[in-house]
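Participant: Sharing a model that was predicted from the sequence below.
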Amino acid sequence: MTSSNTKENAGLDLSFVRDHFPALDKAYTFMDNAGGSQTLGLVIKNITEYLTHHDVQLGASYEISARAGKKLQTVTQELAQLVNAARPEEVVIGPSSTMLFRILSICLSEGWQAGDEVVVTNSDHEANVSCWMDLQAKGIVVKIWKVNPETLQFDLTDLKNLLTEKTKLVAMVHASNILGTINPIQQISKVVHEAGALFCVDGVAFAPHRLVDVQAFDVDFYVFSWYKVYGPHLALMFGKYDLLKNMPGINHYFIDQIPYKFQPGNFNYELTYSLKGVCDYLTDLHDHQFPDAAKITTKEKYQKSFELIAQHEEKLASILLDYLKTKENISIIGQSTADKNSRVPTIAFVHKDLKSSAIVEKVDPHKMGIRFGDFYAKKLIADLGLEEKDGVVRVSLVHYNTEEEVRRLVEVFEDIL
Ligand SMILES: Cc1ncc(COP(=O)(O)O)c(C=O)c1O
């Protein structure tokens, strides 16, 4: 057996992974990762490197400015490759996903008339809801596609009943930040496009766990936040080139280039540059796990790294879900399967008698970061009648969590639940 086989069969090398996150070097367990993940050392190093060596305004002819511009261009190309955008201009950088959705809603709706329609869901974070809802002030009709309260899944027939020839856009979350469910985006995209509408997907709770492939998903717009994907507080919006080209921007009147027309002011150079660290981490992880692998493309490396990540996450999720399923007083809010094709390891539950806040307060002293609340998915929590519980208890795991950490959490829960 070769060493690559050994490593492959052994799964994700957790000590290699954890060594890449300086913050994990302390006696604390981070399980609020859907709130924000820990940052890669490579990302931190890149921020310092940029500010030390390249911190000048872009666009000038002198050497350092030209070099800094090239560096950022290269990183943007890498980011485009990571999400499988067809060209780098399709990648828009912004301060947060909320801001990028807002910018998109303002620019896109310039071409819409009163009476045009948008569909949003009741399981989204408000980032991909409020910006569309607010268009009601200019006569846009907003309809809400609701999850089936029994299965907590979306029914495509319900969507078909909401679509009309006036539907301009459907806005939806890829993976819910509460349910953890991975919605079948490709299948939904087909229905949306057959109705002649655009599809805008919130990938914030998906991107830390699985490879984003905007072409395979066939989405028109796809947004996620890097501070949940092991990077800094910055977000990325993919938009199909022709759509971005043909809609008005939000920058000065003389700025018409993509993506700059959607990036008013300077975008954050040092944080954008740091994202190279996320790409490098994913390829380094592959090369470490499969040292004898035949030469493959960078995209294939990303895929293989995320396959290992998904396998490990499924194991973590199954430990917690298997435990929660044994507790009569607990209802899992989401699917009870750990299947990596169905969910990410963002796991929510409520207790029959205890408030979610009371449970989390008892976990806090154990130096474990979990959380309760509505996580800005307010419509879902309201529709499920969970406001009086103070929302759900949410344990959100990522690939750097260990089985031992999850088992320790189960022990702590055992004293509380
Ligand atoms: C699913 C989801 N969408 C959007 C957001 C908003 O992201 P940002 O803080 O970058 O605006 C969050 C943040 O928690 C989220 O979980």
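Facilitator: Great, that's in hand. Residues are numbered from 1 along each chain as shown.

Participant: Identify the single longest helix in the protein, thanks.
Facilitator: Secondary structure of the chain per DSSP state H: the longest helix is helix 298-325.

Participant: any idea where the strands of the stretch 251-400 of the chain begin and end?
Facilitator: 330-332, 346-351, 368-369, 371-373, 392-396 (DSSP state E, counting those that start in this stretch).

Participant: ok, and which of those strands has the densest surroundings?
Facilitator: Comparing these by mean neighbour count (mean count of other Cβ atoms under 10 Å), strand 392-396 ranks first with a mean of 28. The C-beta positions use only the backbone N, C-alpha and C, and glycine is treated the same way.

Participant: And the helix or strand that that one is followed by, what's buried?
Facilitator: As assigned by DSSP states H and E, the chain's next helix or strand after strand 392-396 is helix 403-416. Of the residues in helix 403-416, 405-406, 409, 412-413 count as buried by neighbour count, 16 or more other Cβ atoms under 10 Å.

Participant: Let me know the pLDDT of Lys138.
Facilitator: Looking at Lys138, its pLDDT is 96.

Participant: my guess is it contacts Ala114, does it?
Facilitator: Yes. Counting by Cβ atoms under 8 Å, Ala114 is a contact partner of Lys138 at 6.6 Å.

Participant: shaky segments in the stretch 1-150 of the chain?
Facilitator: 1-9 (pLDDT under 70).

Participant: Show residues contacting stretch 372-392.
Facilitator: The contact list for stretch 372-392 (Cβ atoms under 8 Å, 6 or more residues apart in numbering) reads 34-35, 122-127, 129, 144, 146-147, 149, 176-179, 333, 348-351, 355-357, 359-360, 393-394.

Participant: hmm, stretch 378-393 in reach of the ligand?
Facilitator: No. On the criterion Cβ under 6 Å from any ligand atom, stretch 378-393 is out of touch with the ligand, staying 11.1 Å away.

Participant: Now do the contacts for the residue of the chain positioned farthest from its centre.
Facilitator: Distance from the C-alpha centroid of the chain, by Cα atoms, centre = their mean, peaks at Tyr62 (37.9 Å). By Cβ under 8 Å, 6+ apart, the contact set of Tyr62 is Val56.

Participant: Equivalent analysis for the one 5 residues further on, please.
Facilitator: Arg67 sits next to His54 when contact means Cβ under 8 Å, 6+ apart.

Participant: State the three-state secondary structure for it.
Facilitator: Under the three-state scheme (DSSP: H, G, I helix; E, B strand; the rest coil), Arg67 adopts helix.

Participant: where's the closest residue to Lys301 other than its chain neighbours relative to Val75, distance?
Facilitator: For Lys301, ignoring the flanking residues on the chain, the nearest one in space by Cβ to Cβ, 6 or more residues apart in numbering is His286 at 3.9 Å. According to Cβ to Cβ, to the nearest Å, His286 and Val75 sit 19 Å apart.

Participant: likewise Asn122?
Facilitator: Taken as Cβ to Cβ, the span from Asn122 to Val75 is 37 Å.

Participant: Please say which of those two ends up with more neighbours.
Facilitator: Val75 (23 against 19; other Cβ atoms under 10 Å).

Participant: The helix or strand containing that one vs helix 298-325, what angle?
Facilitator: Using DSSP H and E, Val75 sits in helix 63-83. Counting by axes from the mean of the first three to the mean of the last three Cα atoms, to 10 degrees, helix 63-83 lies at 60 degrees to helix 298-325.

Participant: could I have the helix or strand following helix 63-83 exported to CSV, CA atoms only?
Facilitator: Downstream of helix 63-83, the next assigned helix or strand under DSSP H and E is strand 91-94. The C-alpha trace of strand 91-94 is given here as CSV (Å, rounded to 0.1, in the frame of the first residue of the first chain):
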residue,chain,number,x,y,z
VAL,A,91,-16.2,37.9,-9.4
VAL,A,92,-17.3,41.0,-7.4
ILE,A,93,-15.7,41.6,-4.0
GLY,A,94,-17.6,43.4,-1.2
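
Participant: Many thanks, I have nothing further to ask.
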